[in-house]
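1. Kindly return the folded structure for what I paste below:
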Amino acid sequence: METRTILTVGLLLAGVGCDQGGSAASKDANAPAASSAATAASTVSAAPTSASVSAMTSATVSATPSAAAAPTAEAGPTPEPCGALSAIPDVPDTASAPPTGEEWGTACPINNQGAGAHAKDCMMKIKREWLQVTCRGELIGYEKFEGFGQSGADYYEQHAPGQFSSFVVRLKKGKAQKVRMCRPKDSGSLFVNWPLTASKPSFVALGIGPVCESPSWSLLSR
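-> Alright, predicted model coming up:
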């Protein structure tokens with residue numbers, strides 16, 4: 001099976017438990033892109049794990065009487081406190097580099113889709129203005145792709161047909177963003193809406209979608 005590697009800058013998909021194995025199919029997302037994304041992000045992983053950002057802390061090892069001060073040891077990021085799954089956190093309307101793998105590693109899950117209607121085997125996380133959405137299972141493509149902007153700058157994607165499909169997208173004030181991630185018998189349907197007059201999105205929802213009409217792995221067919 002052909003592997004499509006979407007980005008070499010990394011946006012580590014954490015905590016969604018996508019199965020490894022087999023090859024992945026992805027598009028090249030190192031678009032005219034930005035060196036900031038290349039240096040600030042970590043690669044979208046085929047085996048995501050749960051994550052978010054938090055300040056790096058340092059623990060300094062005291063020097064022994066007979067030795068110079070020991071080197072400073074850096075601890076990993078500490079998790080941010082998570083609210084209810086349906087609670088949308090504050091989202092800046094200024095641009096930042098994509099989160100690193102460590103940042104995604106402590107991110108809180110988010111989904112304000114109505115109870116009982118969450119897409120099966122799908123997860124979303126949010127960090128600053130970036131949203132990570134992943135569905136796993138027998139993925140056969142995606143469709144209804146709207147409002148994501150420029151590949152390699154505003155969004156990144158990675159897909160392993162038959163295993164998982166994943167996007168990292170920049171949320172933007174005044175924008176609605178959609179995608180339907182397709183499986184043979186259902187889909188994970190993403191809908192994001194951020195009104196121009198609101199301080200944060202009103203909807204960040206990933207619900208059970210219908211069977212896709214024309215799933216594909218290529219934007220050329222959309």
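2. What residue, apart from its backbone neighbours, is nearest V192 spatially?
-> Q177 (4.3 Å; Cβ to Cβ, 6 or more residues apart in numbering). The C-beta positions use only the backbone N, C-alpha and C, and glycine is treated the same way.
3. in the helix or strand hosting that neighbour, what's buried?
-> According to DSSP states H and E, Q177 maps onto strand 176-182. Neighbour counts over strand 176-182 (16 or more other Cβ atoms under 10 Å) mark Q177, V179, R180, M181, C182 as buried.
4. I figured the residue nearest to V192 hits D154, correct?
-> No: using Cβ atoms under 8 Å, Q177 is not in contact with D154; the gap is 9.7 Å.
5. Could you tell me which residues touch both of those two?
-> The contact sets of Q177 and D154 overlap at F148, V169 (Cβ atoms under 8 Å, 6 or more residues apart in numbering).
6. circling back: how close does the residue nearest to V192 sit to L206?
-> Counting by Cβ to Cβ, to the nearest Å, the separation of Q177 from L206 is 12 Å.
7. Mind listing the shared neighbours of those two?
-> What both Q177 and L206 touch, as defined by Cβ under 8 Å, 6+ apart, is the set L190, F191.
8. packing partners for the strand holding Q177?
-> Applying 3 or more Cβ pairs under 8 Å, 6 or more residues apart in numbering; DSSP states H and E, one finds that strand 176-182 contacts strand 130-136, strand 141-146, strand 164-170, strand 187-193.
9. possible to save the ones you listed as TSV with mean neighbour count?
-> Output for the helices and strands packed on strand 176-182, formatted as TSV (neighbours: other Cβ atoms under 10 Å):
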stretch	mean neighbour count
strand 130-136	27
strand 141-146	19
strand 164-170	26
strand 187-193	24
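10. Just put those in JSON lines and tack on distance to T100 and mean pLDDT.
-> Compiled in JSON lines, the helices and strands packed on strand 176-182 are given as follows (distance: least, Cβ to Cβ, whole Å; pLDDT from 0 to 100):
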{"stretch": "strand 130-136", "distance to T100": "11", "mean pLDDT": "97"}
{"stretch": "strand 141-146", "distance to T100": "25", "mean pLDDT": "96"}
{"stretch": "strand 164-170", "distance to T100": "12", "mean pLDDT": "97"}
{"stretch": "strand 187-193", "distance to T100": "22", "mean pLDDT": "97"}
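11. would you list these in a markdown table and tack on distance to K120?
-> As requested, the helices and strands packed on strand 176-182 are exported to a markdown table (distance: least, Cβ to Cβ, whole Å):
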| stretch | distance to K120 |
| --- | --- |
| strand 130-136 | 8 |
| strand 141-146 | 16 |
| strand 164-170 | 13 |
| strand 187-193 | 8 |
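12. Of those strands, which is nearest S216?
-> strand 141-146 (4.7 Å; Cβ to Cβ).
13. Give the next helix or strand downstream of the closest one.
-> strand 155-160.
14. any idea of the angle that following strand forms with strand 164-170?
-> Here strand 155-160 runs at an angle of 180 degrees relative to strand 164-170 (axes from the mean of the first three to the mean of the last three Cα atoms, to 10 degrees).
15. what ranges of the protein fall below the confidence cut-off?
-> 1-80, 219-222 (pLDDT under 70).
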